[in-house]
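**Q** Requesting a structural model of the entry that follows:
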Amino acid sequence: MYQLDIVTIVIIVANLIISFKGFKDYAFKSKYLFNIAGIQRGEQWRFFTSGFLHADQRHLFFNMLTLFFFSHVVVSKIGTVSYLIIYLVSLLAANFLSYLFHKSEYHYSALGASGAVSGIIYSAILLDPSMRIYFGIPGFVFGIGYLIYSFYGIKKLNDNIGHDAHFGGAVAGILVTLMYDFDLIYTNTITVVTLTVTIIVLFILLKFLRN
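**A** Numbering: from 1, shown residues only. You can find the predicted model right below:
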């Protein structure tokens with residue numbers, strides 16, 4: 001049984017309200033999405049606010065559904081406050097990585113909670129490698145598939161979804177979770193190594209494709 005805590009409910013409601021506002025109001029979306037030109041003009045709030053906007057209803061639904069399936073594991077293992085910290089740090093780390101990738105692309109824009117959700121996915125998998133979601137799919141398998149999907153999305157680079165942010169979020173989720181429970185390196189060694197190697201390999205391939 002999946003149980004939503006109050007923080008996850010607030011996060012989902014905030015994403016719904018802000019995203020639907022963005023669907024109807026292009027000026028609102030343009031002001032708050034991740035945009036290199038805007039950030040370089042001093043609009044640093046975009047690092048945060050873009051994480052509550054989405055490209056379309058399908059993008060929004062997938063991110064919130066994924067958060068629904070993984071959030072309870074993190075909350076039950078390390079608590080609500082730690083969960084919120086992982087979510088926010090992953091969101092910011094994801095967008096910071098996107099900025100490093102695209103800082104010379106003046107017109108580059110992206111949006112979505114995918115980076116923050118990635119952090120929660122990988123935190124949950126580290127904390128409970130045996131967890132299962134979607135019709136019994138192992139969380140471990142979903143996590144690797146999620147990164148592969150992100151890699152494919154980066155190659156397309158035409159949908160305004162911050163696919164490369166998934167990597168930053170995943171790394172942040174893993175690192176912050178290990179800060180809270182460093183013993184996971186010893187108790188879940190195979191999981192830590194497999195996820196880390198997957199991220200490194202895909203990241204190297206990404207850098208190769210961008211050069």
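**Q** got a pLDDT number for Ile12?
**A** pLDDT recorded at Ile12 is 97.
**Q** Can you tell me which residue is spatially central in the chain?
**A** For the chain, the residue nearest the mean C-alpha position is Gly115 (2.0 Å; C-alpha atoms, centre = their mean).
**Q** wait, what's in contact with that residue?
**A** Gly115 makes contact with 51, 90-91, 93-95, 98, 162, 165-166, 168-169, 172 under the criterion C-beta atoms under 8 Å, 6 or more residues apart in numbering. From N, CA and C alone the C-beta is placed, and that goes for glycine too.
**Q** Same check on Asp56?
**A** Phe23.
**Q** Lys21 touches Phe28, doesn't it?
**A** Yes - under the criterion of C-beta atoms under 8 Å, Lys21 makes contact with Phe28 at 5.7 Å.
**Q** ok so, going back, tell me, how many neighbours does the closest residue in space to the residue nearest to the centre of the chain that isn't next to it in sequence end up with?
**A** Computed as C-beta to C-beta, 6 or more residues apart in numbering, the closest residue to Gly115 that is not its neighbour in sequence is Ala94, at 2.2 Å. Residues near Ala94, counting by other C-beta atoms under 10 Å, number 34.
**Q** Ala94: helix or strand, and which one exactly?
**A** helix 80-102 (DSSP states H and E).
**Q** in that helix, what counts as buried?
**A** 82-95, 97-99, 101-102 (16 or more other C-beta atoms under 10 Å).
**Q** could you point out which element follows the helix or strand of the chain with the lowest mean pLDDT?
**A** One helix or strand of the chain scores below all others by mean pLDDT, DSSP states H and E: helix 139-156, with a mean of 68. Going down the chain from helix 139-156, the next helix or strand is helix 165-180, by DSSP H and E.
**Q** List the buried residues in the next helix or strand after that next one.
**A** Next in sequence after helix 165-180, counting helices and strands by DSSP H and E, comes helix 184-187. Buried residues in helix 184-187, defined by neighbour count with 16+ other C-beta under 10 Å: Leu184.
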